[in-house]
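Student: Sequence and predicted structure are below.
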Amino acid sequence: MKELRCLIVGGGQRGDGMCVYLGETPRVRIVATCDLYEDRAIALADKCEKHFGFRPTPYTDIDEAAKHDIDAVYIASAWETHIPFAIKFMELGIPVMLEVGGAYSVDDCFRLVEAYEKTKTPIIMLENCCFDKAELLATGMARNGLFGEIVHCEGAYAHDLREEITFGEENRHYRLRNYINRNCENYPTHELGPIAKLLNINRGNRFVSLVSVASKAAGLEHYIKNNDKVNPKLKGQKFNQGDVITTIITCAGGETITIKLDTTLPRHYRRNFTVQGTKGLYEQDANLVYFDGMEENFHTIEHYLKEINNAEAYEEKYLCDAWKELTNADKEGGHGGMDVLVLKCAVDCILDGKEIPIDVYDIAAWMVITPLTEQSIQNGGAPQAIPDFTHGNWTMRKPLDVVEFPIYNEE
């Protein structure tokens, strides 16, 4: 069995958290680690040695790390480095497993696509939310026509990150500088990725345009003012990043998508994955489906509350086997199992030459949302055209799911 010798780039929260899951993925051996900060590179090597009995070589210089004898790189460094590092390794012929985040310019997204088309080096985005239970269930149901013709989808990255952002200097975390200097949908792929796969974006459909607006930026200033533990140097700091960013995307197929970034106000976590079609809808927050003919069940809020989790009844037939085959240990770690699935998918694609479900064209189309929302917000919500990174081939490329969905005959 061939082994994938991996370099981990980035020893912050995500890289540190994914290190063990990557090392436990079948056919993977972590042979090198790299971080700008030496202590992080060493800590990753220590963790690998503790869990797997083999110590990777730690590096602080990305160019030196790239010279190590590796078969693939896992990039979990700061957002600003994602595209430059991915291009660097593709040009070296080293397959890339890329963590999520938005781009910093439209040109960067074109450069990423050009690097792939020049080198044909495999690259996959590790968008784990495409592999979560709710998104996979709803996609399986949509593929089998239960919602009819899809008209509208919604999603959100709603997560109270005030502590993470304001302790950015102490934790050496990149979000702080981004929230000070930018105002955009800076983290679009968790909510948008699963929707894009469901709507066959870049494979028979594509994003056409967007508009985006930002609320005022008040949440972080209030948090800093009323939290004595926050670094005093942040007192009086102004933030450009609006507390709530709302973006509407139109698609070639006529569908609309609404996504929201909401990370600097007190709130619970949610992704608000919602699918609406001519026959019914799926709503992630309540794990609820509604179909024509169910009107009697939804006359009041009390009726609605009784229907929460009614989507469970559809799991046996429409939830893909990949999720059903997860062990309890898989589900207990790695964001409930989706990290395990996305890593296994990436490794199988690289080692076995399988077609990549989240490829460079998806990566560019999802990451470009960030600079385009920045431009839209700066111009009062003005529409922005979304480039077609496939050069028109979206009309010919066949739909591809992140996992295989069985096709059932309609009764």
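Tutor: In hand now; what should we look at? Numbers count the residues shown, from 1 in each chain.
Student: Tell me which stretches of the stretch 251-400 of the chain form strands.
Tutor: Applying DSSP state E, counting those that start in this stretch to the stretch 251-400 of the chain gives strands spanning 256-262, 274-277, 280-283, 288-291, 384-385.
Student: Please tabulate the ones you listed in a markdown table, including the columns mean pLDDT and distance to A313.
Tutor: Using the backbone N, CA and C atoms, a C-beta is placed for each residue, glycine as well. Formatted as a markdown table, the strands of the stretch 251-400 of the chain follow (pLDDT from 0 to 100; distance: least, CB to CB, whole Å):
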| stretch | mean pLDDT | distance to A313 |
| --- | --- | --- |
| strand 256-262 | 98 | 27 |
| strand 274-277 | 98 | 17 |
| strand 280-283 | 98 | 13 |
| strand 288-291 | 96 | 9 |
| strand 384-385 | 98 | 41 |
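Student: could the ones you listed go into JSON lines alongside distance to D330 and mean neighbour count?
Tutor: Shown next, in JSON lines, are these (distance: least, CB to CB, whole Å; neighbours: other CB atoms under 10 Å):
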{"stretch": "strand 256-262", "distance to D330": "28", "mean neighbour count": "21"}
{"stretch": "strand 274-277", "distance to D330": "26", "mean neighbour count": "21"}
{"stretch": "strand 280-283", "distance to D330": "24", "mean neighbour count": "21"}
{"stretch": "strand 288-291", "distance to D330": "25", "mean neighbour count": "19"}
{"stretch": "strand 384-385", "distance to D330": "40", "mean neighbour count": "17"}
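Student: Distance to P26 added to these, as JSON lines?
Tutor: Formatted as JSON lines, those follow (distance: least, CB to CB, whole Å):
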{"stretch": "strand 256-262", "distance to P26": "34"}
{"stretch": "strand 274-277", "distance to P26": "32"}
{"stretch": "strand 280-283", "distance to P26": "32"}
{"stretch": "strand 288-291", "distance to P26": "34"}
{"stretch": "strand 384-385", "distance to P26": "42"}
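Student: With respect to G17, which of these lies nearest?
Tutor: strand 256-262 (21.5 Å; CB to CB).
Student: Kindly export the closest one (C-alpha atoms) in CSV.
Tutor: This file holds the C-alpha atoms of strand 256-262, laid out as CSV (Å, rounded to 0.1, in the frame of the first residue of the first chain):
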residue,chain,number,x,y,z
THR,A,256,-30.3,32.9,-5.4
ILE,A,257,-28.1,32.3,-2.4
THR,A,258,-28.0,34.4,0.8
ILE,A,259,-24.9,34.0,3.1
LYS,A,260,-24.1,35.8,6.3
LEU,A,261,-21.0,36.3,8.3
ASP,A,262,-21.7,37.0,12.0
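Student: Not counting its own residues, what contacts that strand?
Tutor: For strand 256-262, contacts defined as CB atoms under 8 Å, 6 or more residues apart in numbering pick out 151-159, 185-188, 191-192, 195, 199, 243-251, 272, 369.
Student: Domains in the protein, by residue range?
Tutor: Per automatic domain parsing, the domain ranges recorded for the chain read 4-126, 129-321+359-395.
Student: Perfect, I'm done here.
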